[in-house]
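S.K.: Here's a sequence, model it:
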Amino acid sequence: MCKNGFKSKPIKTLKSLSLRLSGMRLTEIFEIEVDGETATICYYRLNYRDGEEKKELISQKAIPATEAVVFLNQINVGAWDGFYGEHPKYVTDGEMFLLKAVVDGKTIRAEGSQNFPPHYHDLKKWLYNLTR
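M.R.: The predicted structure follows:
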């Protein structure tokens, strides 16, 4: 359940959003940066070479910033602030996520390990679909 258990106030402005997904074999990052009326969505994979983490841009797409705000409100991402999804007992594998977003001048943070806020998978699907 989200921290307050209620629907949040609608988001009016988005400045940035970062969603980091980590599993046993792959780490991916989606970043949204808003500049004026345009939101640029970048999809990265992290590779490890020579003992260093390298962020490789796989794809990107620009959409109207209002489209991003509308979608984030549809999935109520504002209510995710403070979500901490502890890894379920007896689950030996899974996906970890870390979301940070700057909306309406404040920072939202949510994280979990194989335990996700409502509509988390909708966000992932939306981001994958936009960047493929």
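S.K.: Could you use CA atoms for every contact and neighbour count after this?
M.R.: Fine.
S.K.: now stretch 90-103, how far from the centre of its chain.
M.R.: 9 Å (CA atoms, centre = their mean, to the nearest Å).
S.K.: Likewise for stretch 45-65?
M.R.: 14 Å.
S.K.: try stretch 89-100
M.R.: Worked out by CA atoms, centre = their mean, stretch 89-100 lies 14 Å from the chain centre.
S.K.: Can you give me the first-to-last residue distance of that stretch?
M.R.: One end of stretch 89-100 to the other measures 26 Å (CA to CA, to the nearest Å).
S.K.: what does stretch 15-33 give?
M.R.: Start-to-end, stretch 15-33 (CA to CA) is 6 Å.
S.K.: what comes up buried for stretch 101-114?
M.R.: Residues 101-103, 108-114 are the ones in stretch 101-114 that count as buried (16 or more other CA atoms under 10 Å).
S.K.: Likewise for stretch 45-57?
M.R.: 45-46.
S.K.: Quick check: end-to-end length of that stretch?
M.R.: Stretch 45-57 end-to-end distance (CA to CA) = 7 Å.
S.K.: re the thing from before, can you tell me which of the buried residues of stretch 101-114 lies closest to N73?
M.R.: V103 (11.1 Å; CA to CA).
S.K.: quick one, phi psi at the nearest residue to that closest one once chain neighbours are set aside?
M.R.: What sits nearest to V103 in space, not counting adjacent residues and going by CA to CA, 6 or more residues apart in numbering, is L14, at 4.5 Å. With angles defined as degrees, to the nearest 10, L14 sits at phi -120, psi 130.
S.K.: who's sitting farthest from the centroid in the protein?
M.R.: Distance from the C-alpha centroid of the chain, by CA atoms, centre = their mean, peaks at D50 (28.1 Å).
S.K.: the bottom helix or strand of the chain by mean pLDDT?
M.R.: strand 84-85 (a mean of 90; mean pLDDT, DSSP states H and E).
S.K.: strand partners of that strand, parallel vs antiparallel please.
M.R.: In the sheet, strand 84-85 lines up against strand 106-113 (parallel) (DSSP bridges).
S.K.: Show the average pLDDT along the partner strand.
M.R.: Average pLDDT, strand 106-113: 95.
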